[in-house]
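Trainee: below are the sequence and a predicted model; questions follow.
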Amino acid sequence: MEGRRAQKELVTALHALPEDGQLMVVLDGVDVLSGSFADEVLAKTVQEVVGGMHPGRTLVVRSPSRELVGDLEHKLERRKLAMLGRIDSNWVLLGADIPALAETLALIIERQHTTTKALAETLELPMNTCANRVARLADLHLIQRVPVGRKGRQPVYELHSIVKD
């Protein structure tokens with residue numbers, strides 16, 4: 001019951017934001033984040049964000065430790081989701097335990113904005129491999145892709161970090 005009420009409050013807070021708004025759930029002072037609460041409140045809301053129910057908005061979490069969000073990570077993984085977490089002064093990928101995605105996301109966060117071509121060159125990857133990583137990150141609402149033109153029939157995007165410090 002408490003989880004449903006908290007999830008409704010979280011959704012209300014998301015909708016109160018402008019379309020490019022970001023809501024940070026702060027876990028400072030929380031001793032235990034149960035798996036059922038993490039699933040019902042946070043993972044379910046992330047699923048709604050990814051599903052397009054909260055257009056343009058993003059949800060991130062700040063935690064004093066990685067251990068505190070351990071159950072949340074498991075719930076996100078089970079739903080095949082991910083979200084950004086701020087632990088100490090570092091941004092980390094929570095949920096998707098895919099080192100290649102984490103590597104690509106870290107580079108986008110570091111640069112704030114870039115292109116798939118620049119990422120592919122830096123990571124020394126074939127363009128299609130890098131494009132697949134970028135598409136997955138965008139599908140998870142972990143980055144924003146901004147159309148800037150076309151190259152033949154293919155759209156060209158500038159990639160933006162969703163991190164707002």
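Mentor: Now that the structure is in, tell me what you want to look at.
Trainee: quick one: low-confidence ranges for the chain?
Mentor: 1, 165 (pLDDT under 70).
Trainee: how is it partitioned into domains?
Mentor: For the chain, automatic domain parsing gives the domain ranges 1-97, 98-165.
Trainee: export these as CSV, with columns for mean neighbour count.
Mentor: Just so you know, the C-beta spots here come from the backbone N, C-alpha and C atoms, and that holds for glycine as well. As requested, the domains of the chain are exported to CSV (neighbours: other Cβ atoms under 10 Å):
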stretch, mean neighbour count
domain 1-97, 17
domain 98-165, 15
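Trainee: just the strands from the chain, written as ranges.
Mentor: 22-26, 58-63, 83-87, 90-94, 113-115, 143-151, 154-161 (DSSP state E).
Trainee: distance between the lengthiest helix in the chain and the chain's centre?
Mentor: Across the chain, the longest stretch assigned as helix under DSSP state H is helix 2-16. In terms of Cα atoms, centre = their mean, to the nearest Å, the centre of helix 2-16 is found 18 Å from the chain centre.
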